[in-house]
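Asks: structure for the following, please:
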Amino acid sequence: MRFHRLRAAALSPLVALAFAASAGTAVADTEINVGALRLASQAPTFIAFEKGYFKDEGLDVDLKFFEAANALSVAVAGGDVNYGTTSITGSLFNLAERGVVKVIAGSLSEDPKIPGAVILASKKAYDAGLTEPAKIAGHSFGATTAGSSFHYMLAEIAEKDGFPLDGVQLKPLQKIGAIVGAISTGQVDAWVIQPSIANKLLADGGAVKIGDYRDYDPDYQVTAVFTSTQIATDQRDQTEAFLRALSRGVKDYNAAFVDKTMDKPEVDALVDMVHKYVGTDTPVEIFAPSLTEDSMRVNDGLALSVTSVAKQLEFLQKNDLVSNDVTVEMLVDPSYVTTR
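Replies: Numbering: from 1, shown residues only. You can find the predicted model right below:
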């Protein structure tokens, strides 16, 4: 498995100690590995890293980058990574059944008041009549794997619009970049993806918007923060410190890119920080709208919708992707953040 590491620049001990005193029990000079995907939705992690919020908590963070949610899940389960943020998948539930991972917080979510994931048709499929989500039946649909968040979203669309899920050809392409290429060239007919990616496809003319996913699942917990069961159980001070730091990154992210309450110079500085990790092959002025115009909300305080997690488990079990013996309690540790 290939990954890249980056280390945060150290803050002065006085700064770190001052914040620790105000925020709670900090940990001293603890090295941890944090897994991430190079997606705009993971901006709070990059902001917390760049602004020294982890250092304030006594955490010396190495960032490890992955190209798919499943690979990150396996890395956390195997101990290569201490914490990660990724979508809730069949793989994650299967690892939870083995007792090796726990979801400890929420992250990206649909919000009825904020534009969210976009339902797309390839230009080729749209011109052939795929003009609304209800017409996805009989077409192909892009996903990373069976049991992925994309598979779940397709199932929700199918249920609401009354067509059989097995009447759609699921195309597992492993990586998001591969799906982008496939829908751009008409090799995949439909997809659902976050606006930071969808709007670039729309601007390039490779796809056409046919719906908004929030109309189907307005409480969807898109991603969650997770760790190993051992860390969640035995390293509480460290985990609370990690979540405090990440929550500060979330607060900055929402203020800058979702609620628009931050001054422009501060916003520009955050864009530059995130651009170090996302869209690095694009000039920052072209990358910036993916944050300033296309960002979805990350739950304040990393609150977690357990209701949505349970709904996702129901889908996985209904489609024989997860054992019927698996429970939400096997995956979720509700003791760290507010749940609903």
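Asks: and the nearest residue to residue 328 once chain neighbours are set aside, which of the three is it?
Replies: Spatial nearest neighbour of residue 328, excluding adjacent residues (CB to CB, 6 or more residues apart in numbering): residue 310 at 4.9 Å. Heads up, the C-betas are built off the backbone N, CA and C, glycines and all. Three-state assignment for residue 310 (DSSP: H, G, I helix; E, B strand; the rest coil): helix.
Asks: wouldn't residue 310 be in contact with residue 330 here?
Replies: No. Counting by CB atoms under 8 Å, residue 310 sits too far from residue 330 to count as a contact (11.8 Å).
Asks: which one's more surrounded, the two?
Replies: Between residue 310 and residue 330, counting by other CB atoms under 10 Å, residue 330 is the more crowded of the two (17 against 13).
Asks: straight-line length of stretch 252-259, end to end?
Replies: 10 Å (CA to CA, to the nearest Å).
Asks: give me the contacts around it.
Replies: For stretch 252-259, contacts defined as CB atoms under 8 Å, 6 or more residues apart in numbering pick out 43-44, 47, 51, 114, 261-262, 266-267, 270, 291-292, 295-298, 300.
Asks: quick one: mean pLDDT over it.
Replies: Stretch 252-259 carries an average pLDDT of 96.
Asks: buried sites along it?
Replies: Within stretch 252-259, the residues that count as buried by 16 or more other CB atoms under 10 Å are 252-258.
Asks: tell me where the stretch 151-300 of the chain has strands.
Replies: Counting by DSSP state E, counting those that start in this stretch, one finds strands in the stretch 151-300 of the chain at the ranges 169-172, 190-193, 207-212, 223-228.
Asks: and the first one, what does it pack against?
Replies: With contacts defined as 3 or more CB pairs under 8 Å, 6 or more residues apart in numbering; DSSP states H and E, the packing partners of strand 169-172 are strand 140-143.
Asks: next, work out how far apart residue 32 and residue 57 are.
Replies: Distance, residue 32 to residue 57, by CB to CB, to the nearest Å: 10 Å.
Asks: need the residues touching each of these two.
Replies: Listed contacts common to residue 32 and residue 57 are residue 242; contacts here mean CB under 8 Å, 6+ apart.
Asks: skipping adjacent residues, who's closest to residue 80 in space?
Replies: With sequence-adjacent residues excluded and distances taken as CB to CB, 6+ apart, residue 80 is closest to residue 33, at 6.8 Å.
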